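A.B. asks: Can you look at this prediction? I've put the sequence above it.
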Protein chains: 4
Amino acid sequence: MFKLPKYNHPDFSQKNFQSVQNVSVEVVTKDGVAPENYHVTSMYPEYFKVNGKWILATESRMDCVVVIVDDEKLEIKEFRNLKVGDQVVIGRTEDGSEGIYLYVNGFVEENKEGDVFSFRSGRSRETAFTKDYEDLFELLQHEKENGYIVWVLGPAVSFDCNSRKSMADLIHNGYAHAVLAGNALATHDIEGALFGTALGQDIYNQDSKPNGHYHHIDAINRARKAGSLERLVENGDVKNGIVHACVKNHVPMVLAGSIRDDGPLPSVFADVYDSQEAMRSHAKRATTVICLATQLHTIATGNVTPSYTVVDGNVRPVYIYAVDVSEFVLNKLRDRGTLQGKTIVANIQDFLGKLKDRLVD
Amino acid sequence: MFKLPKYNHPDFSQKNFQSVQNVSVEVVTKDGVAPENYHVTSMYPEYFKVNGKWILATESRMDCVVVIVDDEKLEIKEFRNLKVGDQVVIGRTEDGSEGIYLYVNGFVEENKEGDVFSFRSGRSRETAFTKDYEDLFELLQHEKENGYIVWVLGPAVSFDCNSRKSMADLIHNGYAHAVLAGNALATHDIEGALFGTALGQDIYNQDSKPNGHYHHIDAINRARKAGSLERLVENGDVKNGIVHACVKNHVPMVLAGSIRDDGPLPSVFADVYDSQEAMRSHAKRATTVICLATQLHTIATGNVTPSYTVVDGNVRPVYIYAVDVSEFVLNKLRDRGTLQGKTIVANIQDFLGKLKDRLVD
Amino acid sequence: MFKLPKYNHPDFSQKNFQSVQNVSVEVVTKDGVAPENYHVTSMYPEYFKVNGKWILATESRMDCVVVIVDDEKLEIKEFRNLKVGDQVVIGRTEDGSEGIYLYVNGFVEENKEGDVFSFRSGRSRETAFTKDYEDLFELLQHEKENGYIVWVLGPAVSFDCNSRKSMADLIHNGYAHAVLAGNALATHDIEGALFGTALGQDIYNQDSKPNGHYHHIDAINRARKAGSLERLVENGDVKNGIVHACVKNHVPMVLAGSIRDDGPLPSVFADVYDSQEAMRSHAKRATTVICLATQLHTIATGNVTPSYTVVDGNVRPVYIYAVDVSEFVLNKLRDRGTLQGKTIVANIQDFLGKLKDRLVD
Amino acid sequence: MFKLPKYNHPDFSQKNFQSVQNVSVEVVTKDGVAPENYHVTSMYPEYFKVNGKWILATESRMDCVVVIVDDEKLEIKEFRNLKVGDQVVIGRTEDGSEGIYLYVNGFVEENKEGDVFSFRSGRSRETAFTKDYEDLFELLQHEKENGYIVWVLGPAVSFDCNSRKSMADLIHNGYAHAVLAGNALATHDIEGALFGTALGQDIYNQDSKPNGHYHHIDAINRARKAGSLERLVENGDVKNGIVHACVKNHVPMVLAGSIRDDGPLPSVFADVYDSQEAMRSHAKRATTVICLATQLHTIATGNVTPSYTVVDGNVRPVYIYAVDVSEFVLNKLRDRGTLQGKTIVANIQDFLGKLKDRLVD
């Protein structure tokens, strides 16, 4: 069974931590602009010495600045949210010497020694994923009751009847606490409910339907007419699928708008920074994040998700999984700084089918 | 030398076109919602019979509705832009029988007969691209003076010093009339100007710079401080690159915001539908579109770009090129309906180097 | 349940077939060289008029010449196998006019009419594969008793403990009549049995083992010492896996050598044309072929496998499936002429797990 | 200008090297089978203590055993080449303690210190390749006169008229000392000379030619008739291309047969271990190896090519470049142990065009 790893708190009683001064701050003089030499966050736990005490920044995310509030609290802010007068932490070291301590080994067990040489260093389609799946099954069973599972879904999730149903079943069975996606995922999911197609192609047998290229915009138009996705479901128009499952189970959906959108559907965010804010509100609570077949949303979610979170006063890891058939997409997540992401090379149709078979009776 | 293909106008004197009634319309009763049975546009030329005359929809794009204005003009509208009272064209046939005629063969020369069998039907890394490049060189030389060349740039364009410089040189030499991109492209281009890096990695020799992960947000912060990209260039902070070339040559840049953004830079659109509108305003004028290493922006641009445009009263083709190392990305453009796109499998570093070597002395 | 499609024999009673002359032949004058204007086979059924009768070439394959034996039988020969005196069919038409008739529609049902336009024409990771899997499950259940199932396995099949075991279980349960692979697949499968690794990496949990880079060559060395794979299994050294399953169930394995090989293992063919011959001997009997994660062997098998076979005097289709995470690899199969191949974009670990779960209790 | 890095010889005067015993050996008792606990080579320099002296294994390759000849010379042998009586080095340590010393830092300059964190650790399409190209230009100019440049070519090199011509021009201008390829590369190159096509598709403008699927086998048949590639060129049948350039400039071509082959052409090796032997004979002399668009031949060549070679008594690096549009293929080279390979993500058409433009007037 799954067991949360223990967090080894840094030992701030050591002399070098005790002797350093409080972290420096400088004040914002123009909205949305940080003072020179601002410190920027990573996804790892970072501690800041304030009023003689080392404080962990909670609800963090990468590439933001740290604002000290009321001389004792830390707020992690995007540049665009900086306000004149904000007290921004200054300093670009991470070893504690300036009152900033980046701590990467909180959950790391003792290292096994490595060989001079081994084949196969990276993760690819050739990696053995059996144990990763087993770990994930156990993790999700744990998180269902004890965590906050955030799903990040690319449109392809609704392109196959089985993957669409599997995802809906996982939601119905408590395995999703929030769903982050775009207009396309929801549109094609609704198209699936109304017409059994995605972009006009049957999601069971791949038949192209006559005038099928109307389906996705008919879906959008009908939703716009209904006024909201909730009403569309209540109407009885949409009787199955992912949107249906979210509405029925009160699982919040963040639908970020994009420049590719037709429509959009009701409740889609037009403003990308509002989207990001909404995504981050779930990332702050997330304990496990699973990203399927979307480069954009995966990296965006990775950006706002730290490697740790504080639940009931305890520091615990946030698990991030990214699943795609393309190693490039998966490696890019890492190249963009989400180092803790675990990547699985799979068609998400198969991935979701496996999860559903294992987790849902 | 490049020669524009002649457009063969459909022959509306034929009896079947003459005898049909005017196209039907229905009135919008709720903002943003089309009446049932609305007609939706494709990227091809479509004619509508209004007041006894067959009229071509100009400034079209796919997946929109057709609104008749003043009983004689056609406006192509996104669903979200529909207003109560708009007269929307009704009908889902395309053969003229309901007053709607989709015309796909305007530029097609007589078909060569095909074999029962040939190997190698698709386009891939194994396709011979020599003639495509030559055609493109000639096309761009023509379009420089006689067309409107729109570039769609993924962030990777600024990840290599040579591709970044080649793109800038093309802009300086008149080969770009508009640039569509996102916050990341502009950010890393400015990072390149300020620090010689992209995400902290040297764009010449790949060295990771100390604290290089600050570079892109330092670039953003400095731009936000300056207040605009124009001022950043005028400041003298940014002395080269793509943003610099656009500012200096008054080439408009549309920077669409995304959920992945840090910052954002000044002038980045927060609202994706404003972005789309701005992109479409250039797509309407476009005669050639070149999309490099971005799936999202390529498909988004493909969505708003028709296969034809009317210049000085003449119908001419709009050429779309998409370049990427991934066949999947390129095929997806086609799967999303941009059928006229010509795809080239290449690293855009090489692609831009070739264009620059050939077009810029 | 699966039902074999009926073959619609061409109607040779039609006048145009009756009136034509017998096919022409010319004699080979140099071993391994065909006479000018030789006819070359495709993977489709082809009929030749000999002695006034239209005869179907059975046991065909693409890119070979047709030799008439004893004035009445057709033999399909590779160029290298031509002998002085062989009577080679001449002619490069396929419509019957020269006594050669290529027949592509034997199994085709009446065509559904298509739309002018539809999104999503190709097959990719975004294709809905649910029905393809269901069809395959039914097909394999049928073929287990009534067909000849040939597996073509890339080395990655033995890189994950679960895919390796699933494949072995399928063999143990009668779902494989022959296995075509290379030295690497068998080597890493034996490595899995001896050490639980592939190239030194644990096939369950991905741990790199100390001196693990010795494992695959230790496996080879031990097999060479044993003298044959059969003895290695009988020894009790190899207690599980694919090689073990083949030996225990007397399923023939063709192991083709390659220039990448260490070793090789005993029974690996050094001569590639001997390999091809051996592969073709199974392709001639094949009714279903499933190719997993190997570009080279998949295309090689595609080359020697016709789209039809004659079983008990009846013409039936040969089903070919190719599974890979890379669309390029899958599309290439088609670009090399294996037009009937059905492609599935999946990690073969997931694919094999699904088959095993469904077909093996 | 290019300058060879200096090799820092290990300092065997150190006590720990002096005090150890000679390396142990054991005798082969069955042809092709190594004794237990045999030592296996890597691609790095390895020294063995024999007769009290530390001797470097020259002409090495990975995954082979070390045989001591005449009590003083080292021979690196494939398992299949072991003969009864061979004295095989025993031991699986690499630190010198058993008389075996693996030396990886011979060419390494002092390490720069790294950051705790940086984005973008791997190499991908997003890597800046400008300096890699410049280094390669300089390297090739140096190696033309002072080295031995081995090219490893996938068939796609002959699929575009420009890449085919560029490669031929490089050969004509002294930039190739050996070419390793397969039957397909040579076949399609000859097809290009005879018909201007590859697999029936025009290598300039992509037109599918009538009966074009005959072209590659017509090319093979004509070559088989001629009896050798040399005669085919002398005939005047083949007037350009890669085969032509090799024949005219007496550049040896190793054509390895494969299970995919039609034909084969004359001089193609049927036996893969003969192929490997022939490839290794060039790898032993190689100072630079460039592998284009072939996974199989690239990894095969990587297997037989060490990271160093001894020229006129001096140890120097062997440079390996691998070029492909697929990161997976390139990463696989590393995963199979060729750690020194430098990878470039590019369409080889562009790559060859750049080299030709820069190196050939």
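C.D. replies: Ah, there it is. Numbering: from 1, shown residues only, chains lettered A, B, ... in the order given.
A.B. asks: Show the contacting residues for the residue nearest to the spatial centre of chain A.
C.D. replies: With distances taken as Cα atoms, centre = their mean, the residue of chain A nearest its centroid is residue A:301 (3.8 Å). Shown in contact with residue A:301 (Cβ atoms under 8 Å, 6 or more residues apart in numbering or on different chains): A:150, A:152, A:180, A:279, A:283, A:289, A:291, A:320. Placement of C-beta: from N, CA and C, glycine included.
A.B. asks: Show me which of these is closest to residue A:77.
C.D. replies: residue A:283 (14.7 Å; Cβ to Cβ).
A.B. asks: Next, that closest one: phi, psi?
C.D. replies: Main-chain torsions, residue A:283, degrees, to the nearest 10: phi -60, psi -30.
A.B. asks: try residue A:88
C.D. replies: Residue A:88 adopts backbone torsions of phi -100, psi 130, taken as degrees, to the nearest 10.
A.B. asks: State the distance from it to residue A:81.
C.D. replies: 12 Å (Cβ to Cβ, to the nearest Å).
A.B. asks: For chain D, see how far away the residue in chain A that chain C sits nearest to is.
C.D. replies: Among the residues of chain A, residue A:350 lies closest to chain C, at 3.5 Å counting by Cβ to the nearest Cβ. Separation of residue A:350 from chain D (Cβ to the nearest Cβ, to the nearest Å): 19 Å.
A.B. asks: Over to residue A:99?
C.D. replies: Using Cβ to the nearest Cβ, one gets 17 Å for the distance from residue A:99 to chain D.
A.B. asks: same deal with residue A:344?
C.D. replies: In terms of Cβ to the nearest Cβ, residue A:344 sits 15 Å off from chain D.
A.B. asks: Okay, and the beta partners of that residue?
C.D. replies: Beta-bridge pairing of residue A:344, defined through DSSP bridges, involves residue A:323.
A.B. asks: Point out where chain A drops to low pLDDT.
C.D. replies: For chain A, applying pLDDT under 70 flags the ranges A:109-121.
A.B. asks: care to break it down by domain?
C.D. replies: In terms of domains, chain A is parsed into A:15-102, A:130-359 (source: automatic domain parsing).
A.B. asks: Can you read off the backbone torsions of residue A:67?
C.D. replies: When read as degrees, to the nearest 10, the backbone of residue A:67 gives phi -110, psi 130.
A.B. asks: wait, doesn't it sit right on residue A:81?
C.D. replies: No - with contacts counted by Cβ atoms under 8 Å, residue A:67 stays clear of residue A:81, the gap being 9.1 Å.
A.B. asks: Looking at the two, which is more packed in?
C.D. replies: Neighbours per residue, other Cβ atoms under 10 Å in any protein chain shown: of residue A:67 and residue A:81, the larger number sits with residue A:67, 22 against 16.
A.B. asks: Just grab the bridge partners of the more buried one for me.
C.D. replies: residue A:75, residue A:88.
A.B. asks: residues touching it, list them.
C.D. replies: Listed by Cβ under 8 Å, 6+ apart, the contact set of residue A:67 reads A:74-77, A:82, A:86-89.
A.B. asks: circling back: which SS state does the residue of chain A closest to chain C fall under?
C.D. replies: helix (DSSP: H, G, I helix; E, B strand; the rest coil).
A.B. asks: Just confirm it contacts residue C:347, I think it does.
C.D. replies: Yes - taking contacts as Cβ under 8 Å, residue A:350 lies within contact range of residue C:347: 6.9 Å.
A.B. asks: which residues sit against the host helix or strand of residue A:315?
C.D. replies: Per DSSP states H and E, residue A:315 falls inside strand A:314-317. For strand A:314-317, contacts defined as Cβ under 8 Å, 6+ apart pick out A:4-5, A:7, A:9, A:45, A:56, A:106-107, A:287, A:307-310, A:340.
A.B. asks: So which bits of it are buried?
C.D. replies: For strand A:314-317, the neighbour count (16 or more other Cβ atoms under 10 Å in any protein chain shown) marks A:315-317 as buried.
A.B. asks: Neighbouring strands - and their directions - for it?
C.D. replies: Strand A:314-317 sits in its sheet next to strand A:308-311 (antiparallel), going by DSSP bridges.
A.B. asks: List the contacts of the strand it pairs with.
C.D. replies: Defining contact as Cβ under 8 Å, 6+ apart, one finds that strand A:308-311 is touched by A:7, A:44-45, A:56, A:58-60, A:106-107, A:284-287, A:315-318.
A.B. asks: how about the helices in the stretch 251-361 of chain A?
C.D. replies: Using DSSP state H, counting those that start in this stretch, the helices found in the stretch 251-361 of chain A span residues A:272-283, A:295-304, A:327-335, A:348-359.
A.B. asks: one step back: could you pull up the residues touching the closest residue to the residue of chain A closest to chain C other than its chain neighbours?
C.D. replies: Distance criterion Cβ to Cβ, 6 or more residues apart in numbering or on different chains; nearest residue to residue A:350, sequence neighbours excluded, is residue C:350 at 3.5 Å. Residue C:350 makes contact with A:346-347, A:350-351, A:354 under the criterion Cβ under 8 Å, 6+ apart.
A.B. asks: Same question for residue A:155.
C.D. replies: Neighbouring residues of residue A:155 by Cβ under 8 Å, 6+ apart: A:181-182, A:184-185, A:187-188, A:198, A:293-294.
A.B. asks: Around the nearest residue to residue A:60 once chain neighbours are set aside, count how many other residues there are.
C.D. replies: Here the nearest residue to residue A:60 in space, its sequence neighbours aside, is residue A:306; by Cβ to Cβ, 6+ apart that works out to 4.4 Å. Burial of residue A:306 is recorded as 27 neighbouring residues (other Cβ under 10 Å).
A.B. asks: quick one, what contacts residue A:306?
C.D. replies: Contacts of residue A:306 (Cβ under 8 Å, 6+ apart): A:43-45, A:59-62, A:283, A:318.
A.B. asks: one more time with 6 Å
C.D. replies: Listed by Cβ atoms under 6 Å, 6 or more residues apart in numbering or on different chains, the contact set of residue A:306 reads A:43, A:60-61.
A.B. asks: now, among these, which is nearest to residue D:275?
C.D. replies: Using Cβ to Cβ, residue A:43 comes nearest to residue D:275 of the contacts of residue A:306, at 49.1 Å.
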